[in-house]
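[1] the sequence and its predicted three-dimensional model are supplied below.
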Amino acid sequence: MNANVETLFPDQTEVYDSIVDLVPGPNNPTPMVRIGERFNPYPDFELLVKLEGMNPFGSIKDRTALFMLNGLQLTADQSLVEPSAGNTGIALAALANAQGTPIEIAVPDGVPEEKKALLRFLGAELIEVEDELCPIYPSEGARGVVKSMVESEAYGGKYVSPNQYESELNVAAHYHTTGPEIWRQTAGRLDYFFAGIGTGGTITGVGRYLKERNPNIRIIGVEPAVRHHKLSGLKRVTGLPEEHFPKILDKDIIDEYISVTDEDAYKAGIRVARSDGVMVGPTTGALLHAATEWAADHKGTAVVISGDNAAKYVSAYAEYL
């Protein structure tokens with residue numbers, strides 16, 4: 001067969017000018033994979049997983065970080081600082097390196113060691129704070145430390161925080177990229193969308209986009225079963241006072257909440273790796289567990305967001321192997 005490289009691989013001949021150009025957009029969506037019957041035994045329930053761990057910096061937060069950074073106007077003497085459970089911090093650190101901006105990340109001490117190691121690898125200055133993965137009070141812990149650094153007169157405006165917990169750009173990133181990708185990849189044929197409750201950016205942005213195109217799509221938020229948990233990046237919102245609800249979470253677009261235990265989440269993550277070879281983090285395990293529970297009583301097509309991959313949680317998974 002005579003064919004040149006351009007003919008055989010028409011979409012693989014471009015050389016990018018920067019790693020930043022690989023953050024997903026209209027021309028480079030993250031892939032979606034169908035989970036098989038060894039994990040999902042319900043033939044009338046199609047389970048699709050969108051693999052956000054295949055973003056250049058390893059998580060769905062690449063989208064958020066890029067949108068937020070593009071919305072900032074930094075001077076040459078300013079530094080970034082952000083509270084993070086890990087993934088947003090990693091994405092921000094990589095993007096900051098690409099543009100030559102110093103960055104400091106405040107993390108709860110319960111963040112997986114692999115995420116802390118990646119932040120150090122990227123050269124981010126790490127501020128470890130005695131804080132919960134699911135804090136109630138936004139003015140305390142990692143968020144409180146960053147707030148004081150940004151607002152303190154002693155620093156003279158040195159620090160700027162993208163503030164993923166309150167930035168509407170967090171929502172916009174998913175409304176303009178993740179949502180349209182899911183709609184195109186499924187040709188609009190989906191019935192349910194599962195996403196974790198964290199900052200609220202993903203489920204709000206994607207949920208709004210999908211509901212605008214088909215109001216019958218059910219948006220299902222997955223949260224930890226208890227406040228003290230080991231699902232990095234997720235937040236239990238059931239029972240939270242109104243003033244402590246995530247500010248950018250649009251509750252009106254969420255049709256159902258499903259609570260998942262740590263054990264069920266971690267075991268589902270292990271199970272899908274062994275049944276389908278799909279290596280996801282435990283938060284994705286929580287979503288997959290919720291989706292298969294849902295499948296017992298529902299028919300149709302579901303899309304589950306896989307926020308990252310298993311590599312950042314190997315030590316955490318060890319307890320459940």
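    Looks like it came in fine. Numbers count the residues shown, from 1 in each chain.
[2] residue 187 belongs to a strand?
    No - Residue 187: not assigned to a strand; according to DSSP: H, G, I helix; E, B strand; the rest coil it is coil.
[3] and it, how far from residue 199?
    29 Å (C-beta to C-beta, to the nearest Å). For every residue, glycine as well, the C-beta is placed using N, CA and C.
[4] between these two, point out the one with more neighbours.
    residue 199 (25 against 7; other C-beta atoms under 10 Å).
[5] quick one, what contacts that one?
    164-165, 170, 246, 248-249 (C-beta atoms under 8 Å, 6 or more residues apart in numbering).
[6] how about it, secondary structure?
    coil.
[7] next, it: phi, psi?
    Main-chain dihedrals, residue 199, degrees, to the nearest 10: phi -70, psi -30.
[8] residue 66 now?
    According to degrees, to the nearest 10, residue 66 has phi -70, psi -40.
[9] and the helices in the chain?
    5-8, 61-70, 87-99, 113-121, 141-151, 168-173, 179-185, 201-213, 262-276, 282-295, 314-317 (DSSP state H).
[10] next, the angle helix 87-99 makes with the second one.
    Calculated by axes from the mean of the first three to the mean of the last three C-alpha atoms, to 10 degrees, helix 61-70 forms an angle of 50 degrees with helix 87-99.
[11] show me what counts as buried in helix 61-70.
    By neighbour count on 16 or more other C-beta atoms under 10 Å, the buried set for helix 61-70 is 61-69.
[12] now stretch 91-108
    91-96, 101-108.
[13] quick check, nearest of those to residue 219?
    residue 91 (24.1 Å; C-beta to C-beta).
[14] gap between the closest one and residue 98?
    11 Å.
[15] off-centre distance for stretch 174-185?
    14 Å (C-alpha atoms, centre = their mean, to the nearest Å).
[16] what's the first-to-last distance across it?
    15 Å (C-alpha to C-alpha, to the nearest Å).
[17] identify each buried residue in that stretch, please.
    So stretch 174-185, judged by 16+ other C-beta under 10 Å, has buried residues 174-183, 185.
[18] also stretch 148-156?
    149-150.
[19] and what of stretch 254-268?
    254, 258, 260-262, 264-268.
[20] do stretch 184-195 as well
    Neighbour-count burial for stretch 184-195 [16+ other C-beta under 10 Å]: 185-186, 190-195.
[21] closest to residue 75 out of these?
    Nearest to residue 75, judged by C-beta to C-beta, of the buried residues of stretch 184-195 is residue 195 at 35.7 Å.
[22] now that closest one. Nearest residue, chain neighbours left out?
    residue 203 (4.0 Å; C-beta to C-beta, 6 or more residues apart in numbering).
[23] so how far is residue 194 from that neighbour?
    9 Å.
[24] now do residue 270
    19 Å.
[25] any idea of the pLDDT on residue 14?
    As predicted, residue 14 sits at a pLDDT of 77.
[26] give the contact list for it.
    Counting by C-beta under 8 Å, 6+ apart, there are no residues that residue 14 touches.
[27] count of residues packed around the residue nearest to residue 179 when sequence neighbours are not counted?
    Excluding its sequence neighbours, the residue lying closest to residue 179 (C-beta to C-beta, 6+ apart) is residue 209, at 2.9 Å. For residue 209, the count of nearby residues is 22 (other C-beta under 10 Å).
[28] let me know the pLDDT of residue 209.
    98.
[29] next: residue 291.
    The model's pLDDT for residue 291 equals 98.
[30] what sits against it?
    Residue 291 neighbours (C-beta under 8 Å, 6+ apart): 40, 47, 192, 194, 302, 304.
[31] my guess is residue 140 meets residue 130, correct?
    No - applying C-beta atoms under 8 Å as the test, residue 140 and residue 130 come out as separate, 9.8 Å apart.
[32] of the two, who's got more company?
    Remark: of residue 140 and residue 130, residue 140 carries more neighbours, 15 against 10, as counted by other C-beta under 10 Å.
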